[in-house]
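# Give me a 3D structure for the following:
(2 chains)
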Amino acid sequence: GAVVSQHPSWVICKSGTSVKIECRSLDFQATTMFWYRQFPKQSLMLMATSNEGSKATYEQGVEKDKFLINHASLTLSTLTVTSAHPEDSSFYICSAREGGRPRNTEAFFGQGTRLTVV
Amino acid sequence: AQSVSQHNHHVILSEAASLELGCNYSYGGTVNLFWYVQYPGQHLQLLLKYFSGDPLVKGIKGFEAEFIKSKFSFNLRKPSVQWSDTAEYFCAVPFSGGYNKLIFGAGTRLAVHP
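Numbers count the residues shown, from 1 in each chain, chains lettered A, B, ... in the order given. Okay, the predicted model is just below:
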């Protein structure tokens, strides 16, 4: 299947700093990408939908000023956790769907990024 | 609102045992259902999906799932598990109007012992 790559795979940062996570579609162009987070022993929760060339759509309860999403190209979406705090420590996962294909085309997932804020 | 629940959080089996993982959904629209698997250290992968038609869906690696509308269920099955099936399994439904925007169940962690 298609490959979606996240970078970094893990990151440790100090409280108050910002962290950028990249999500790349390696062999297809993704007009839409999705960002999820997964707390320990819990399921994945959708945070936002990232659309190339337009503003991201955030799910209820997700602070858009805290989690900045940029989808500037058809192969890259970035999630920036601004002024990170320990409660932002989580596993962040992206998925990407190829543009120009039927709406029910499968989205592929990245390997995830484990963020630890100390 | 859509929701999905998985009954078993941890399952431990011996190789060759049969597997059934429960998934129930609450969904008001056209039913689309998914099972994903996450092997240790790997990407989430699609095991199988149901859109319409035959309620018994065959997936990869010998997995299957049966959509039972009257029970709002989409249980995952495999007749004989292998050690390599050790992974976490997630049932999912899409948000209304968003095929790839998914609501995931809590997940079931499966451990298969040789």
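
# what's the pLDDT at the residue lying closest to B:Phe51 once chain neighbours are set aside?
With sequence-adjacent residues excluded and distances taken as C-beta to C-beta, 6 or more residues apart in numbering or on different chains, B:Phe51 is closest to B:Asn32, at 5.6 Å. C-beta coordinates here come from the backbone N, C-alpha and C atoms, glycine included. B:Asn32 is assigned a pLDDT of 87 by the prediction.

# Excluding chain neighbours, what is closest to the most centrally placed residue in chain B?
Nearest to the geometric centre of chain B sits B:Trp35, at 3.3 Å (C-alpha atoms, centre = their mean). Distances taken as C-beta to C-beta, 6+ apart place B:Leu47 nearest to B:Trp35, at 4.3 Å, with adjacent residues excluded.

# Give me the next element, helix or strand, following the lowest-mean-pLDDT helix or strand in chain B.
Sorted by mean pLDDT, DSSP states H and E, the helices and strands of chain B end with strand B:98-104, the least confident at a mean of 80. Going down the chain from strand B:98-104, the next helix or strand is strand B:108-113, by DSSP states H and E.

# which parts of chain A sit against chain B?
A:1, A:4, A:32, A:34, A:36, A:42-46, A:49, A:93, A:95, A:97, A:103-112 (C-beta under 8 Å from any C-beta of the partner chain).

# So what's the residue count around B:Asn32?
17 (other C-beta atoms under 10 Å in any protein chain shown).

# repeat for B:Val4
Considering only other C-beta under 10 Å, B:Val4 is surrounded by 23 other residues.

# Now for it: which residues touch it?
Residues in contact with B:Val4 (C-beta atoms under 8 Å, 6 or more residues apart in numbering or on different chains) are B:23-26, B:91-93, B:103-105.

# of these, list those near chain A.
The overlap between the contacts of B:Val4 and the neighbours of chain A (C-beta under 8 Å from any C-beta) comes to B:103-105.

# tell me which of the residues you listed is nearest to A:Val11?
B:Phe104 (23.2 Å; C-beta to C-beta).

# distance of the residue most central in space within chain A from A:Gly53?
What sits nearest the mean C-alpha location of chain A, by C-alpha atoms, centre = their mean, is A:Trp35, with 3.6 Å. A:Trp35 sits 17 Å away from A:Gly53, going by C-beta to C-beta, to the nearest Å.

# returning to what we had before: so how do I select the buried members of the residues of chain A next to chain B in PyMOL?
Those of these that count as buried under 16 or more other C-beta atoms under 10 Å in any protein chain shown are selected in PyMOL with:
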select buried, chain A and resi 4+32+34+36+43+44+45+46+49+93+95+97+106+107+108+109+110+111+112
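
# What about the residues of chain A next to chain B, which are in strands?
Among the residues of chain A next to chain B, the ones falling in strands (DSSP state E) are A:4, A:32, A:34, A:36, A:44-46, A:49, A:93, A:95, A:97, A:108-109.
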